[in-house]
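Asks: Got a predicted structure here, sequence first:
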Amino acid sequence: MGEHLPILQVILPLIAAPVCLLIRHGTVCWLITTLVSWLCLAIAVLLLLQALDGGAVRYQLGSWVAPWGIEYVVDRLNGFILVIVAAIGAVVAPYALRSVAEELPERQIGLFYVMYLLCLSGLLGITITGDAFNVFVFLEISSLSSYALISMGRHRKALHAAYQYLVMGTIGATFFLLGVGLLYLMTGTLNMADLAEQLKPLAGSRIVLAAFGFIVVGMGLKLAVFPLHLWLPNAYAHAPSAVSVFLAGTATKVSLYVVLRFIFTVFGFEFSFAGQPFGPALLILAIAGVVVCSLVAIYQDDVKRLLAWSSVAQIGYMLLGLSFATALGLQAGLLHIFNHALMKAGLFLAMGCVFLRLGSCRLEAIAGVGRQMPWTMTGFLLCGLSLIGVPLTAGFVSKWYLVLAALEKGWWPVAALIVLTSLLAVVYIWKVVEAAWFRDPPGTAGRVGEAPLVMLVPLWIVVAANVWFGFETSGSVDVAKAAALALMGAVE
Amino acid sequence: MSGGLLIALALLIPLAGAGLIALSGRWPNLRETVTIITAVLLFAVNLLLAIEFIGGETPVLRVLEPVEGVPIAFAIEPLGMLFGLVASFLWIVTSFYSIGYMRANGEARQTRFYACFALALGATMAVAFSGNLLTTFIGYEALTLTTYPLVTHHGDAKSVRAGRTYLGILLGTSIALLLPGIVATWMLAGTLDFRAGGILSGTASDGVVLLLLGLYMFGIGKAALMPIHRWLPAAMVAPTPVSALLHAVAVVKAGVFVALKVIVYVFGIDLLNSSGAGALLVWIATITLVVASVVALTKDNLKARLAYSTVSQLAYVVLAGALATQWGILGGGMHIAMHAFGKITLFFCAGAIYTALHKTEISDMQGIGRAMPVTMLAFLIGALSVAGLPPGGGTWSKWYIALAAAETGQLIIVGALMLSTLLNIAYFMPIVARAWFTPRAIHPARSAGAMAAPDGGEGLKEAPLFCLIPLSLTALGCIVLFVFAGELQAFLAPMIDGLSTKGR
């Protein structure tokens, strides 16, 4: 059993999806989904522990030997990402029960869980596979299911948002496929480890360079790198609450993982950073993204949309860490993937609770909600403080390492920018806080009660994690460091 | 009891107190009893710690390591011990005062008020006992956030605006300046511990030292150096007990305390002298203390005048540190305690005047000395102490600071200090004089608010005893400190002993 963990990680949700399709009964599907998500988390943790102890875990599908067969590889980097994805999945699943029942028509509820399981399986598959084409396959599974999930949003605009995402996501996936095709053309292999070997003598090739471009831009679209982010705010704002939480915590992180995997493992550090001005280009885009999107976030009236813009800005921080092209920078970026998943999931969870009670997340609608839903909004506040980077929260640890990495490079202005832009986060988080606590509720609305426990508990688990990983960081910092060193060590 | 445990208790007691206060919110008498007990326990723990410390122990406590190589650590040193003692003692007094003030003024949301107060004291303890810069930073930020609900207590548009200024400046400067300063210190020195003689010497060029000093001094917004002092007058929208303990003692003293600690234990006064960075800071502090005094003169609102006076007095402490001599450090450390007692008395009086007579503007306070003789006497003592005149404790701290300025040969600074003392007298004494020597004005419209005022302007009308006794106690404290300043000096002496071994 133990040696089959890598395939179980993907196949469990993949099989559970058609099972749910046959059952169709909302609550039963929910139960299956929840159980499967928790199992996935357990498997992911076991895999990460194995990878941390004894090096990469390799699994040959159908015993076809790599590089001919498809190989699943779990090393420190993707073991870390697997845990993030599975953990967010495990938190969202129980939360979805009430949230989905409220936001979706009855007959769609079973289908929702089908799509959700497919999406989870796709994201886990992208992360675990060691095969470049297999990444594309799972990318499509997760993308198609997420288009469907987003379109289930209550408002008709959700359809438009899903369509927008569909167009952009398809372009991204096509670019990625073109890149992989070019690599196959040059090397005749699709296994990542094998690709890395075969590409070494081809460093000067223009075709390889083109493949690099296609893959990075293609994944950049899915990752919502500024300025390829325009699909994201609509998608997050109009999707059902549970979907916003899930996607905000996982989808962009997995795309970023793919970029890292290709840059470091497949193309190699030398090719990516030394051979071309990739680092500076990334730096500029990251900074532009952080500044512009934080500013845009300040001017949003809808909290979910505000958080979505903030997500794009936060992706900038992760890329910033990457663009330093140092072990410390990479560590900071990886750490921020983890910490940002925690804080943004918490913020969206809280907004899901508010949406359940009020049917809206607009600032004028949530006026005074802090008094009526104190637990929810306190959770929001704590995750917001984490986003700002207040000490004793996870966000502070991220910020510390980012600033440290910038100073290590001697880039004072970048360090200054990191801290200045986190002040913009103060502004947009405090807009929500002031509305929730200091404004009077709109006259038309009656008093609303606190969110149900089945939603509050997941929220507070995430809140507790935000605080926990703010001072007991061996689980996050050490793993991020090990992963960063492994990535850098592979090339130095 | 071991020292580490005592430090842990000092941090946990206010937290537990806040929890119990929140739970007992439905029974006001129980809630206030919990507050008082928590405050007394906290002071007792501080006393025990001080006894251990005087006995030669240096208690330490290490908890966890949130970022690699830098643990959350607490350690006792003289200045922090003094700060902890002063803050926890004055919390007891303020708690009694709060009961009188909050009930007499019928304030809403009192449970949140008392709970946040306890949390703020917990954060203050964390700052006071912090053993490295990271821990200081954690406590510092926690103090900002826990006092925000107190500043915005009334919840109206005005307090929300003030809250924005408060949070914006304090959080903004600490994240944008202090945090990079700390990270840079870690890069340069490889440690963030507070060590006698400093950790930065020999690690950075003079230019970098100057830059770092700037990051620290303006990053520590709670020290209210101009031009980042705006948050302090803004914070005056809070109920007066908050202004008294937090914005005259805990929060602002946390600011200058950290500033002084950074100067002594991170830079080291030798480095400050040799790099020339101190000289610039001396000027910034001096300008702040003169300008703030002048601004205080122009304020008619009593609390606003007191706030600007605080800005000015805080600059004394920063100046004392920046002079980078033994007398300066000693004077700065003493001024933290002296000014705490003086200014809290003044705020207590301001609150008592508001509670009894509903007056906030100085121009309305004609003849109130006859209605509130005890309050106005306490006000006089507090004012004398803050201005640095006998029989107030402030005499001694200002004396040492002036001595330090003279020792460095900067006569202009000595002159500025004298000028500032004159200004202090100029903005305090008219209040006292108006209260005693002008006939009481009758404002029917205004005094209508004061319910039981059939006296028509004559007769006693003091604030409730819960207000009156605390302010008398702190006024007495000012005089006690004047008499026992020698003990205070001996207590702080190890701080500068550490310096003198460093080859002066």
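Replies: It's in. Computed from a predicted structure; not experimentally measured.
Asks: So which bits of the stretch 201-350 of chain B are right by chain A?
Replies: By C-beta under 8 Å from any C-beta of the partner chain, no part of the stretch 201-350 of chain B sits against chain A. Where C-beta positions appear, they are placed from N, C-alpha and C, glycine not excepted.
Asks: residue in the stretch 201-350 of chain B nearest to chain A?
Replies: residue B:211 (9.1 Å; C-beta to the nearest C-beta).
Asks: Alpha carbons only: can I get the helix or strand that residue falls within in CSV?
Replies: Using DSSP states H and E, residue B:211 sits in helix B:206-219. C-alpha atoms of helix B:206-219 as CSV (Å, rounded to 0.1, in the frame of the first residue of the first chain):
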residue,chain,number,x,y,z
ASP,B,206,29.3,55.9,9.1
GLY,B,207,26.8,56.5,6.4
VAL,B,208,25.0,53.3,6.9
VAL,B,209,25.0,53.9,10.7
LEU,B,210,23.3,57.3,10.1
LEU,B,211,20.8,55.7,7.7
LEU,B,212,20.0,53.0,10.3
LEU,B,213,19.6,55.5,13.1
GLY,B,214,17.1,57.3,10.9
LEU,B,215,15.2,54.1,10.2
TYR,B,216,15.0,53.4,13.9
MET,B,217,14.2,56.8,15.2
PHE,B,218,11.5,57.6,12.7
GLY,B,219,10.5,53.9,12.6
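Asks: Quick one: mean pLDDT over it.
Replies: The predicted model assigns helix B:206-219 a mean pLDDT of 89.
Asks: Would you mark the buried spots in it?
Replies: By 16 or more other C-beta atoms under 10 Å in any protein chain shown, the buried positions in helix B:206-219 come out as B:209-219.
Asks: Likewise for stretch A:404-420?
Replies: Here stretch A:404-420 shows A:404-408, A:411, A:414-415, A:417-420 as buried, counting by 16+ other C-beta under 10 Å.
Asks: Tell me which of those residues fall in helices.
Replies: Residues from these lying in helices, with DSSP state H as the criterion: A:404-408, A:414-415, A:417-420.
Asks: Redo the buried residues of stretch A:404-420 as a markdown table? Include distance to residue B:490 and pLDDT.
Replies: Formatted as a markdown table, the buried residues of stretch A:404-420 follow (distance: C-beta to C-beta, whole Å; pLDDT from 0 to 100):
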| residue | distance to residue B:490 | pLDDT |
| --- | --- | --- |
| A:404 | 41 | 91 |
| A:405 | 47 | 92 |
| A:406 | 46 | 91 |
| A:407 | 42 | 89 |
| A:408 | 45 | 88 |
| A:411 | 48 | 87 |
| A:414 | 49 | 90 |
| A:415 | 43 | 90 |
| A:417 | 48 | 90 |
| A:418 | 46 | 90 |
| A:419 | 42 | 89 |
| A:420 | 45 | 90 |
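Asks: Could you list which of these also contact chain B?
Replies: Contacts with chain B within the buried residues of stretch A:404-420, counted by C-beta under 8 Å from any C-beta: A:404, A:407-408, A:415, A:419-420.
Asks: Wait, residue B:370 touches residue B:440, no?
Replies: Yes. Using C-beta atoms under 8 Å, residue B:370 makes contact with residue B:440 at a distance of 6.2 Å.
Asks: where in the chain is pLDDT low?
Replies: I'll assume chain A. A:1, A:444-446, A:490-492 (pLDDT under 70).
Asks: think we crossed wires, I meant chain B
Replies: Applying pLDDT under 70 to chain B flags residues B:1, B:441-458, B:497-504.
Asks: The buried residues of stretch A:404-420: which two are farthest apart?
Replies: A:408 and A:420 (19.1 Å; C-beta to C-beta).
Asks: Chain B contacts on chain A?
Replies: For chain A, the contact set with chain B under C-beta under 8 Å from any C-beta comprises A:385, A:388-392, A:396-397, A:399-401, A:403-404, A:407-408, A:415-416, A:419-420, A:422-423, A:426, A:430, A:434, A:437-438, A:470-473, A:477, A:481.
Asks: just the buried members of the residues you listed?
Replies: For these, buried by 16+ other C-beta under 10 Å: A:385, A:388-392, A:396-397, A:399-401, A:403-404, A:407-408, A:415, A:419-420, A:422-423, A:426, A:430, A:434, A:437-438, A:470-471, A:473, A:477, A:481.
Asks: residues of stretch B:35-54 that come out buried?
Replies: The neighbour-count check on stretch B:35-54 (16+ other C-beta under 10 Å) flags B:35-36, B:38-43, B:45-46, B:48-50, B:52-53 as buried.
Asks: Which of those residues fall in helices?
Replies: B:35-36, B:38-43, B:45-46, B:48-50, B:52-53.
Asks: Looking at those, spot the one nearest residue B:123.
Replies: Once C-beta to C-beta is applied, the member of these that ends up nearest residue B:123 is residue B:42, at 12.6 Å.
Asks: mind listing what the closest one touches?
Replies: B:10, B:13-14, B:17, B:88, B:91, B:121, B:125 (C-beta atoms under 8 Å, 6 or more residues apart in numbering or on different chains).
Asks: same question, residue B:69
Replies: Counting by C-beta under 8 Å, 6+ apart, residue B:69 touches B:186, B:190-191.
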